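Q: Structure for this input, please:
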Amino acid sequence: MKAAEAGHRVWLGMVIPKRHARRSVTRSLLKRQIRAAMGRSESSLSSGLWVVRLRSPFDRAHFPAAASAALGDQAGEELAKLIQRAG
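A: Sure, this is the predicted structure:
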């Protein structure tokens, strides 16, 4: 992430296991969602290393398309909740 003017630095690490997101398109979508969510919330987070890890798979029955808008929306909502709770 970018360093802010006052020396505020937020580094981002991501772990998206292949066993939870089989398709590379899905993993890429999730990484984009994570970067966007962290970018929106960077000013409210404390400086340091932040690691986001996908702990469980998304149900393929609910999201048959590898990079569906519904999957992106749900991932974005969950990330916003997590970041709000952490920040």
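Q: low-confidence ranges in the chain?
A: 1-6, 87 (pLDDT under 70).
Q: Please tell me how far the most centrally placed residue in it sits from Glu77.
A: The centre of the chain sits closest to Ile34, judged by CA atoms, centre = their mean, with a distance of 2.2 Å. From Ile34 across to Glu77, the span is 13 Å (CB to CB, to the nearest Å). For the C-beta atoms, the positions are set from N, CA and C on the backbone; glycine is no exception.
Q: Now name the helix or strand holding the residue nearest to the centre of the chain.
A: Here Ile34 sits within helix 24-41, counting by DSSP states H and E.
Q: List the buried residues in that helix.
A: Under the neighbour-count criterion of 16 or more other CB atoms under 10 Å, helix 24-41 has 26-27, 29-31, 33-34, 37-38, 41 buried.
Q: Check which residues of the next helix or strand after that helix are buried.
A: Per DSSP H and E, the first helix or strand lying C-terminal to helix 24-41 is strand 48-53. Buried residues in strand 48-53, counted by 16+ other CB under 10 Å: 50, 52.
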